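Trainee: Fold the following, please.
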Amino acid sequence: MDQQQATEFIIQELGRRRSHNEIIREICEQTGWPWKSAVFCAAQSSTPKPDRGPPSPLPIMLGIGSIIGGG
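Mentor: This next block holds a predicted model:
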């Protein structure tokens, strides 16, 4: 089991509502990784990734308004 397979396994098992410790124990058994490495992998897998959409025009408008208002 490599990193990608471990990530897929974690996501699948979290969907089944298994506890983190059970998932980590199973990853350690299947990969031979130390507990800390499996915990790190599980933490990265279960953390939602931010959706990178187009940049918001609001900060640009506020910046321009600050420059004009400060001048």
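
Trainee: which strands and helices sit next to the worst-scoring helix or strand of the chain on mean pLDDT?
Mentor: None of the helices or strands of the chain scores lower by mean pLDDT, DSSP states H and E than helix 58-70, at a mean of 80. Contacting helix 58-70 under the criterion 3 or more C-beta pairs under 8 Å, 6 or more residues apart in numbering; DSSP states H and E is no other helix or strand. C-beta: built from backbone N, CA, C; applies to glycine.

Trainee: Mind listing residues that contact it?
Mentor: Counting by C-beta atoms under 8 Å, 6 or more residues apart in numbering, helix 58-70 has no neighbours from elsewhere in the structure.

Trainee: Make 13 the first number, not 1, from now on.
Mentor: Let's use 13 as the start, then, which means that last one is helix 70-82.

Trainee: does Cys53 count as helix, strand or coil?
Mentor: Secondary structure assignment for Cys53 (DSSP: H, G, I helix; E, B strand; the rest coil): helix.
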